[in-house]
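Visitor: got a structure for you, letters missing:
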């Protein structure tokens with residue numbers, strides 16, 4: 001099968017390398033491996049200066065990759081964050097369809113469908129109860145399998161070792177070029193790292209549910225009039241410790257998987273992408289878990305790209321969006337994505353080291369809408385009609401609200417958010433847009449996915 005054409009920018013990057021030591025022509029990239037880590041917040045990785053060494057392998061991989069310092073997911077919940085990421089469309093396109101379906105609508109082509117149309121083999125391994133090809137109790141409508149030749153769900157709720165095993169088996173049977181989507185559930189709750197990877201959690205003599213890494217009883221108390229629990233900072237810290245252990249475990253398993261790719265000579269012929277769908281709250285804003293906000297804890301996600309011809313060790317210090325990944329993949333491979341009506345912007349110019357101004361990242365979850373310019377994060381609470389403003393360069397946990405009518409960023413970011421609300425069809429009927437987002441949250445609650 002003919003390899004895909006490579007755009008001039010990438011060919012130029014390849015040309016800047018030292019000549020090969022042999023006469024063989026260098027292999028052009030063809031495969032795309034997309035790793036999605038469920039519930040991994042950026043600031044709990046050493047990739048983003050977390051003081052605990054949770055991700056030593058990611059640090060190593062970063063030396064071969066481009067790292068995006070300010071990547072933001074478009075929602076603080078798996079649905080619709082993954083929908084948005086795989087189609088390059090904003091969450092409201094999925095909310096507006098109303099409750100009853102969480103999959104990707106047929107009118108929005110996913111990256112799997114687009115690449116399949118270009119002759120790619122397509123496969124997925126998903127441990128997620130939401131990202132499904134067949135119905136289950138948490139997603140009775142399924143709807144994520146369209147465009148995949150293989151959609152493996154045998155690792156449902158199972159740890160990364162299972163996802164690795166299935167992915168390795170598929171790679172050895174699938175025809176190249178291929179698109180492979182892997183959805184890992186570590187470190188999603190309950191936080192239950194294997195004993196071999198309990199590096200940060202020590203002895204704990206407290207609530208049984210916290211010892212089991214289960215934040216749900218606290219969520220029930222906060223959101224659902226559940227029994228009052230007299231927990232303290234030490235209890236929350238133990239949940240954080242277990243969460244960090246899960247990250248450490250995933251990082252180790254990722255290292256094993258990438259080692260497998262190197263061993264079979266696939267890695268260097270592939271565009272390798274890693275990111276997360278959302279983060280996790282540990283009461284930084286009075287919440288636990290996810291799906292209820294857009295703060296950094298929930299929408300600032302790690303993102304790195306390793307690909308032939310792309311300069312390693314590059315750190316991109318501008319706001320980018322998870323939905324920029326699909327246009328980036330297509331741009332890198334030289335495919336035209338204009339017919340898919342993608343809403344993101346290709347990151348390929350940034351991968352070449354070009355600086356860029358005027359990039360904004362938007363998020364949308366229940367009553368919150370936000371815009372981020374890479375320095376300031378402007379959050380609108382649509383129900384309370386209040387605004388918060390945070391300097392995320394110096395206040396990553398967003399504890400100091402800088403909002404005032406005369407703050408110089410308020411007018412400019414407010415203008416950008418209004419323009420985005422207008423373009424996405426929310427501004428004229430904002431109350432209806434809020435109601436649609438709330439209806440989707442209620443669906444997740446009714447299905448037992450959130451409290």
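Guide: Noted; the coordinates are in hand. Quick caveat, the model's predicted, so the values are computed rather than measured.

Visitor: show me the helices in the stretch 51-200 of the chain, by range?
Guide: 56-62, 78-87, 92-95, 111-117, 160-171 (DSSP state H, counting those that start in this stretch).

Visitor: looking at these, which is nearest to residue 251?
Guide: helix 56-62 (4.8 Å; CB to CB). Backbone N, C-alpha and C define where each C-beta goes, glycine included.

Visitor: give me the buried positions along the closest one.
Guide: Going by neighbour count (16 or more other CB atoms under 10 Å), the buried part of helix 56-62 is 57-58, 61-62.

Visitor: which residue ranges of the stretch 201-350 of the chain form helices?
Guide: Using DSSP H, counting those that start in this stretch, helices in the stretch 201-350 of the chain cover 208-211, 216-223, 233-263, 296-299, 325-333, 348-351.

Visitor: which one of these lies nearest to residue 85?
Guide: helix 325-333 (6.3 Å).

Visitor: residues touching residue 282, list them.
Guide: 236, 239-240, 243, 288, 297 (CB atoms under 8 Å, 6 or more residues apart in numbering).

Visitor: recalculate using a threshold of 6 Å.
Guide: 236, 240 (CB atoms under 6 Å, 6 or more residues apart in numbering).

Visitor: for it, name its beta-bridge partners.
Guide: residue 288 (DSSP bridges).

Visitor: now it: how far from residue 343?
Guide: 31 Å (CB to CB, to the nearest Å).

Visitor: would you mind saying which of the helices of the stretch 51-200 of the chain lies nearest residue 385?
Guide: Among those, helix 92-95 comes nearest to residue 385, with 18.8 Å by CB to CB.

Visitor: packing partners of that closest one?
Guide: In this structure, helix 92-95 packs against helix 430-446, with contacts taken as 3 or more CB pairs under 6 Å, 6 or more residues apart in numbering; DSSP states H and E.

Visitor: try it again at 7 Å.
Guide: Counting contacts by 3 or more CB pairs under 7 Å, 6 or more residues apart in numbering; DSSP states H and E, helix 92-95 packs against helix 78-87, helix 430-446.

Visitor: what's the longest one packed up against?
Guide: Just to be clear, that refers to helix 430-446. helix 92-95.

Visitor: so which residues of the stretch 1-150 of the chain form strands?
Guide: Using DSSP state E, counting those that start in this stretch, the strands assigned to the stretch 1-150 of the chain run over residues 31-37, 66-72, 121-126, 150-152.

Visitor: nearest residue to residue 398 in space, please, no chain neighbours.
Guide: Computed as CB to CB, 6 or more residues apart in numbering, the closest residue to residue 398 that is not its neighbour in sequence is residue 390, at 4.1 Å.

Visitor: partner strands of the helix or strand hosting that neighbour and their direction?
Guide: Secondary structure from DSSP states H and E places residue 390 in strand 386-391. Here strand 386-391 has these sheet partners by DSSP bridges: strand 376-381 (antiparallel).

Visitor: what angle do the strand it pairs with and helix 430-446 make?
Guide: 90 degrees (axes from the mean of the first three to the mean of the last three CA atoms, to 10 degrees).

Visitor: so what touches strand 376-381?
Guide: 294, 296, 367-371, 387-392, 398, 409, 413-414, 417 (CB atoms under 7 Å, 6 or more residues apart in numbering).

Visitor: any quick PyMOL command for the buried ones out of the residues you listed?
Guide: In PyMOL, a selection of the buried entries from those looks like this (16+ other CB under 10 Å):
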select buried, resi 294+296+367+368+369+370+371+387+388+389+390+392+398+409+413+417
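
Visitor: could you say which of the helices of the stretch 201-350 of the chain is packed most deeply?
Guide: By mean neighbour count, with neighbours taken as mean count of other CB atoms under 10 Å, helix 296-299 ranks first of these at a mean of 29.

Visitor: name the helices or strands packed onto that helix?
Guide: Partner elements for helix 296-299 (3+ CB pairs under 7 Å, 6+ apart): none found.

Visitor: quick one: mean pLDDT for it?
Guide: Averaging pLDDT along helix 296-299 yields 98.

Visitor: thinking again about what came up before, between the buried residues of helix 56-62, which sits nearest residue 308?
Guide: Checking the buried residues of helix 56-62 one by one against residue 308 (CB to CB), the nearest turns out to be residue 61, at 15.0 Å.

Visitor: state the distance from the closest one to residue 198.
Guide: Distance of residue 61 to residue 198, given as CB to CB: 23 Å.

Visitor: what of residue 410?
Guide: 45 Å.

Visitor: same question, residue 241
Guide: Taken as CB to CB, the span from residue 241 to residue 198 is 9 Å.

Visitor: which parts of stretch 192-199 are buried?
Guide: Going by 16+ other CB under 10 Å, stretch 192-199 has these buried residues: 192-193, 197-199.
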